[in-house]
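Colleague: Predicted model and sequence below, questions to follow.
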Amino acid sequence: EVELLESGGGLVQPGGSLRLSCVTSGFTFSSYALSWVRQAPGKGLEWVSSISASGASLYSEDSLKGRFIISRDNSKSTLFLQMISLRVEDTAIYYCAKQIGSTATDFDSWGQGTLVTVSS
Amino acid sequence: QSALTQPASLSGSPGQSITISCTGATGDIGDYKFVSWYQQHPGKAPKLMIYEVTNRPSGVSNRFSGSKSGNTASLTISGLQAEDEADYYCSSYTYRSTRVFGTGTKVTVL
């Protein structure tokens, strides 16, 4: 059974940093692309960033480039999202999502999410 | 990348069929097969219902079907049931190798 478990969320002040992790199991981690998707309170889903199976290709929402960096450790089956210069509008549940193929295909499994709250 | 356009809400009685539209543009829905649909119940993670426009994952009811015409994708729910009441989101791959989601549709079973 595919499992994705996010962690690292919490309360942070504007301008602060956080590193989210997503530990996975139940599939060959190094064969699949992965993504982060977020959802602000009461709002819709917003794609944040994707990384190819090998980690060689990274893609991010234009408005987040330079502040959010996706990475992966294939030896530990773990996905990361480093977030810096956080803003109030970054407050959201952050989901880790597995993609069907090795590149930017559809999302077939999701974690339960980790809540990031940016507030003073 | 602007969000794909979905109706904010739809409703139907048990047993009826409803169709949710998802309108994009050239450069996303119109050009790629990677169009998917997700169901989200309150407080829960999204669940894949349709991938690559028309494909249903194992375990998803055959009451759910997907299609695409030009720049618009559609999700049809046949034989509406109480458990289908949820938010639904479409998503597409884009020409910039990014992903974009729809604005979301709240489905109410009357």
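Modeller: Okay, I see it.

Colleague: Would you list the phi and psi of B:Lys33?
Modeller: Note on B:Lys33: backbone dihedrals following degrees, to the nearest 10 are phi -90, psi -10.

Colleague: May I have the residues that are in contact with the residue nearest to it when sequence neighbours are not counted?
Modeller: Leaving aside its sequence neighbours, B:Lys33 sits nearest to B:Glu52 (CB to CB, 6 or more residues apart in numbering or on different chains; 5.1 Å). For the C-beta atoms, the positions are set from N, CA and C on the backbone; glycine is no exception. Applying CB atoms under 8 Å, 6 or more residues apart in numbering or on different chains to B:Glu52 gives the contacts A:105-106, B:33-36.

Colleague: run the last query once more with 10 Å
Modeller: Counting by CB atoms under 10 Å, 6 or more residues apart in numbering or on different chains, B:Glu52 makes contact with A:100, A:105-106, B:32-36, B:66, B:68, B:93.

Colleague: next one: A:Ala40
Modeller: Contact partners of A:Ala40, counting by CB under 10 Å, 6+ apart, are A:46, A:89-93.

Colleague: can you rerun that using 7 Å?
Modeller: A:91-92 (CB atoms under 7 Å, 6 or more residues apart in numbering or on different chains).

Colleague: Now do it against A:Ala92, distance only.
Modeller: Relative to A:Ala92, A:Ala40 is positioned 4 Å away (CB to CB, to the nearest Å).

Colleague: hang on, the earlier thing: could you identify the buried members of the contacts of B:Glu52?
Modeller: Using 16 or more other CB atoms under 10 Å in any protein chain shown as the burial test, the contacts of B:Glu52 include A:100, A:105-106, B:32, B:34-36, B:66, B:68, B:93 as buried.

Colleague: Need the max-distance pair from those residues.
Modeller: Greatest spatial distance in the buried ones among the contacts of B:Glu52: A:Ile100 and B:Lys68, 17.2 Å, computed using CB to CB.

Colleague: Let me see the confidence value for residue 43.
Modeller: Just so you know, I chose chain A. A:Lys43 is assigned a pLDDT of 97 by the prediction.

Colleague: hm, I was asking about chain B
Modeller: For B:Gly43, pLDDT reads 96.

Colleague: burial of it, as a residue count?
Modeller: B:Gly43: 8 surrounding residues under other CB atoms under 10 Å in any protein chain shown.
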